[in-house]
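Undergrad: Here you go, sequence then predicted model.
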Amino acid sequence: VVDNELVEVQMKGILKIPDIQSVEIRKDDQQLFYSGQAQLKNIKSHQFILSYNHNGLIKTLGTCYVNATFDRIYKTLIDRAIIILVSQGTKTFLVSTFIFFLFYHLIGRHLKTIAKYAQNLDLKNEQKLTLKRNKPLKDELSLVTESLNTMTHSLHISHKELYSANENLRKSEKDLKASQRIALLGSWRLDLATNQVVWTEELYKTYGFDPTLPPLPYTDHMKLFTPDSWEKLSTALARTSETGIPYELELETVKEDGSNGWMWVRGEVVNDSAGKIIGLWGAAQDITERKLEQERYKTTIESSIDGFWITNLKGEFLEVNEAYSSMIGYKRDELLKMSIMDIEALERSEETEKRIEKIIRNGSDRFESRHRHKKGHIIDLEISTTYTPDSGGLFFVFLRNITDRNRMEKQVQQSQKMESIGTLASGIA
C-alpha cells in the first residue's frame, strides 16, 4: 500500500531543490506519479530504484526519474564571464590609454613634429628642426633630430649647387642653341645597337625637317646625300665604328625640293665604361654658301695673274690655282700632296711655325719670302695671307712673283753705286 499524499509531499520537496525540473515515478513503463514541468533542452536525468523491506523481503515499488536543468548554471556562467570580460576589458582599456598617453607624451608628439617637419621641408629655405622638451636629453630622439638637421643642411647646400648647375646648364644650352643657329651648326648622336638617331633643333632646320617630328632612321639617311657623298659617309662611319678614329668630310646634300647643298660633318665614337664603342656623335654644318663663295672665288682666282692657294693649320695645300702652279713649276696635283715646308726656301720650319702663329693671332699678314722652283732656282714672292677658323682653320694666300722686280732694283742700286764711285774718282782726279 502506497500513501499517495506522502509521495506527492516528498516529490514536491525534491522539486524545491535548485535546478530540479521534474520528478516522475514509473513502474513497468507505466507512469505512477509526476510532478514538475517538462523541458527538452539542457536536461540531465537520473533514476533511482524505489524499494522497501517487508518481513525480510525486498519489494520494488518502481523507478524514480529526477530531471535537472542546466539553465541556471549556464546563466550564472555567462553572467560571470560577462563580468570577467567587462572588468578585464576595462583594465585593458585603462592600461592601454595610459600607455598610449605615456607613448604620445614621450615619443608620439615628437614623431608628429618630425613628420610635419619632413612634410613641409623646403630645400630653398633651410629650417632647423627643434623638439619641445622640458630639458635637452641625449637620447634616440635627439640623435634623430641632429641627423635630420645635418641631412637637411647637406640637402640645402646640394640643392643650391644643383640649382646653380641647372641654371648654368640652361644658359649653356641657350648659348649653344644660339651659337648653332648663328653658325648653321647642328649636332647628332647615333646608337649603334638600335640605329636610333637624335638630332638637335638646328640640324632639323639644316635638313629642312620639322623639329617636332622624330629624325629619319639611319637607314634612310642616304636620301639626304648624293650617291657619291653617301658612299664617302657610310665608309667613314663604318671605319670609325671599327677603329675609333674620327672622320671629317665635306658632303654634297640633296634637299627636299631636289636642289643640292653642301655639309661639313665630323664624327667621333662614344664609349661605355668598359671602353667598348656603343655609338657615334658629331656635328654637321651647312657650308652651302661658303662653297658657292669658294666657287666664285675659284673662278676669280683661276683668272688671276697672281698665285693663290689655301692651306690648313699643318701648312698642307688644299687648293692651288694655275698661276701659282706655273710660277713654282709643279702641277696642281703634285702641289696638293705637298706642304709649305716643301717649297719654302727662306724660313726654317721653326720660323714658319712662328709666322703661322702670328697670322692666327692677328688674322692676316703681308710679307716677302722665297720659294724653291721645281727646277731648283729660287723665286722671290710678295705674300698676302688671311686666316679663318672655319673648317678647323684655313689660310687664304695670294702670292706675287717679284723676282724680276727685285733683280731690277738690285741692278738700279748697283748702277747708282757705280755712278757714285765714278763721281768720287773724278773729283779726286
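TA: The structure has been received and is ready for your questions.
Undergrad: rest of the way, CA atoms for contacts and neighbours
TA: Fine.
Undergrad: residue contacts, the closest residue to Lys44 other than its chain neighbours?
TA: Leaving aside its chain neighbours, Lys44 sits nearest to Ala68 (5.2 Å; criterion: CA to CA, 6 or more residues apart in numbering). Ala68 makes contact with Asp19, Ile20, Gln21, Ser22, Ile43, Lys44, Ser45 under the criterion CA atoms under 8 Å, 6 or more residues apart in numbering.
Undergrad: Between those residues, which sits nearest Ser339?
TA: Comparing those against Ser339 with CA to CA places Ile43 closest, at 127.2 Å.
Undergrad: Model confidence at that closest one, what's the number?
TA: Here, the pLDDT recorded for Ile43 equals 83.
Undergrad: Tell me how many other residues crowd it.
TA: Using other CA atoms under 10 Å, Ile43 has 15 other residues around it.
Undergrad: Tell me if I'm right that Leu123 and His156 touch.
TA: Yes - at 5.0 Å, Leu123 counts as touching His156 under the criterion of CA atoms under 8 Å.
Undergrad: Check the closest residue to Val265 other than its chain neighbours and give its pLDDT.
TA: Nearest residue to Val265, sequence neighbours excluded (CA to CA, 6+ apart): Ala284, at 4.3 Å. As predicted, Ala284 sits at a pLDDT of 88.
Undergrad: same question, the one 4 residues further on
TA: Per-residue confidence (pLDDT) for Thr288: 86.
Undergrad: burial measure for it, as a count.
TA: By the criterion of other CA under 10 Å, Thr288 has 17 neighbours.
Undergrad: Return, as residue ranges, the portions of the stretch 151-300 of the chain with sub-threshold pLDDT.
TA: 173, 175-184, 218 (pLDDT under 70).
Undergrad: all strands for this structure, in order.
TA: Counting by DSSP state E, one finds strands in the chain at the ranges 20-27, 30-36, 43-54, 57-69, 185-191, 196-199, 247-254, 260-271, 277-286, 307-312, 317-320, 364-372, 378-388, 394-401.
Undergrad: Which neighbours in the sheet does the first one have, and how are they oriented?
TA: This points to strand 20-27. strand 30-36 (antiparallel), strand 57-69 (antiparallel) (DSSP bridges).
Undergrad: model confidence over that strand, on average?
TA: Across strand 20-27, the per-residue pLDDT values average to 87.
Undergrad: Let the chain start at 256 from now.
TA: Okay, using 256 as the starting number, the last item reads as strand 275-282.
Undergrad: Please work out how many residues are found near the nearest residue to Ile280 once chain neighbours are set aside.
TA: The shortest distance from Ile280 to any non-neighbouring residue, by CA to CA, 6+ apart, is to Cys319 (4.4 Å). Using other CA under 10 Å, the number of residues around Cys319 comes to 20.
Undergrad: mind checking pLDDT for Cys319?
TA: Reported pLDDT at Cys319 in the predicted model: 90.
Undergrad: May I have the beta-bridge partners of it?
TA: Ile280, Phe303.
Undergrad: one step back: how about the strands paired with strand 275-282 in JSON lines, adding distance to Phe650?
TA: As requested, the strands paired with strand 275-282 are exported to JSON lines (distance: least, CA to CA, whole Å):
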{"stretch": "strand 285-291", "distance to Phe650": "135"}
{"stretch": "strand 312-324", "distance to Phe650": "125"}
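Undergrad: Packed most tightly, which of those would that be?
TA: strand 312-324 (a mean of 16; mean count of other CA atoms under 10 Å).
Undergrad: Kindly export it (C-alpha atoms) in CSV.
TA: Taking C-alpha atoms only, strand 312-324 is exported to CSV below (Å, rounded to 0.1, in the frame of the first residue of the first chain):
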residue,chain,number,x,y,z
LEU,A,312,11.7,-9.4,1.7
ILE,A,313,12.8,-6.6,-0.7
LYS,A,314,9.8,-5.2,-2.5
THR,A,315,10.2,-2.9,-5.6
LEU,A,316,7.8,0.0,-5.8
GLY,A,317,9.1,1.4,-9.1
THR,A,318,11.7,3.8,-10.6
CYS,A,319,12.0,7.4,-9.7
TYR,A,320,13.3,9.7,-12.5
VAL,A,321,14.7,13.1,-11.4
ASN,A,322,15.3,15.6,-14.2
ALA,A,323,17.5,18.6,-13.6
THR,A,324,18.1,21.6,-15.9
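Undergrad: Quick one: work out the angle between that strand and strand 298-309.
TA: With axes from the mean of the first three to the mean of the last three CA atoms, to 10 degrees applied, the angle from strand 312-324 to strand 298-309 works out at 160 degrees.
Undergrad: Give me the distance from strand 312-324 to the chain's centre.
TA: Strand 312-324 has its C-alpha centroid displaced from the chain centroid by 99 Å (CA atoms, centre = their mean, to the nearest Å).
Undergrad: Number of residues surrounding Leu378?
TA: Neighbour count of Leu378, defined by other CA under 10 Å: 16.
Undergrad: Quick check: it vs Lys367, distance?
TA: For Leu378, the distance to Lys367 (CA to CA, to the nearest Å) stands at 20 Å.
Undergrad: what's the answer for Gly647, then?
TA: Counting by CA to CA, the gap from Gly647 to Lys367 is 64 Å.
Undergrad: Identify the farthest-apart pair in the contacts of Ala323.
TA: Between any two of those (CA to CA), the greatest distance is 11.5 Å, for Asp274 and Ser300.
Undergrad: Phi and psi next, for the residue lying farthest from the centre of the chain.
TA: What lies farthest from the middle of the chain is Asn310; by CA atoms, centre = their mean that is 118.1 Å. Dihedral pair for Asn310: phi 50, psi 40, per degrees, to the nearest 10.
Undergrad: Grab the nearest non-local neighbour of Thr543.
TA: Take Thr543 and drop its neighbours on the chain: the residue closest to it by CA to CA, 6+ apart is Trp517, 4.5 Å away.
Undergrad: Excluding chain neighbours, what is closest to Ile298?
TA: Per CA to CA, 6+ apart, closest to Ile298 is Thr324, 4.6 Å.
Undergrad: tell me the contacts of the one you found?
TA: Contacts of Thr324 by CA under 8 Å, 6+ apart are Asp274, Ile275, Gln276, Asn297, Ile298, Lys299.
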